[in-house]
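Visitor: Just need the structure, nothing else, for what follows:
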Amino acid sequence: MDQGWAAVVVAVITTIGGLLGVLLQTMRKEAKEMRMENSEDHAIVQGQLQRIYRTINKVDDKLEKHLDQHREGISDEQQTVTRNQKRANR
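Guide: From the prediction side, this is the model:
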């Protein structure tokens with residue numbers, strides 16, 4: 001048998017062994033419990049990532065607004081005066 005066919009046979013045997021391993025693993029009760037726990041963990045992480053995403057968006061919006069003010073030539077001192085006047089009028 002040449003090396004090409006040997007590589008194909010090894011790949012087929014490895015694939016079949018891997019599939020059998022996966023099949024046996026999914027049939028086990030422990031595997032089912034682990035999948036449920038893994039799903040719960042993923043839900044927790046997803047919630048945390050969503051909170052981080054919202055926070056980053058807020059910071060991004062504030063930074064973009066600040067940079068726009070610099071582009072428009074509004075100084076920090078003018079912005080502070082304007083903000084203080086608005087607060088005083090509340």
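
Visitor: quick one: average pLDDT of stretch 63-79?
Guide: Averaging pLDDT along stretch 63-79 yields 75.

Visitor: which residues of the chain score low on pLDDT?
Guide: Low-confidence segments of the chain (pLDDT under 70): 1, 74-81, 84, 90.

Visitor: Would you map the helices across it?
Guide: 3-27, 29-72, 76-88 (DSSP state H).

Visitor: Can I get those helices in JSON lines including mean neighbour count?
Guide: Backbone N, C-alpha and C define where each C-beta goes, glycine included. Shown next, in JSON lines, are the helices of the chain (neighbours: other CB atoms under 10 Å):
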{"stretch": "helix 3-27", "mean neighbour count": "10"}
{"stretch": "helix 29-72", "mean neighbour count": "10"}
{"stretch": "helix 76-88", "mean neighbour count": "10"}
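
Visitor: what about residue 37, distance to residue 47?
Guide: Counting by CB to CB, to the nearest Å, the gap from residue 37 to residue 47 is 16 Å.

Visitor: same question, residue 58
Guide: Look at residue 58 and residue 47: by CB to CB, they are 17 Å apart.

Visitor: can you check residue 85 too?
Guide: Distance of residue 85 to residue 47, computed by CB to CB: 40 Å.

Visitor: What of residue 68?
Guide: Per CB to CB, residue 68 is found 32 Å from residue 47.

Visitor: same question, residue 8
Guide: According to CB to CB, residue 8 stands 46 Å off from residue 47.

Visitor: Likewise for residue 24?
Guide: The spacing between residue 24 and residue 47, counted by CB to CB, is 33 Å.

Visitor: same thing with residue 53?
Guide: With distances taken as CB to CB, residue 53 is found 11 Å from residue 47.

Visitor: That'll do, ta.
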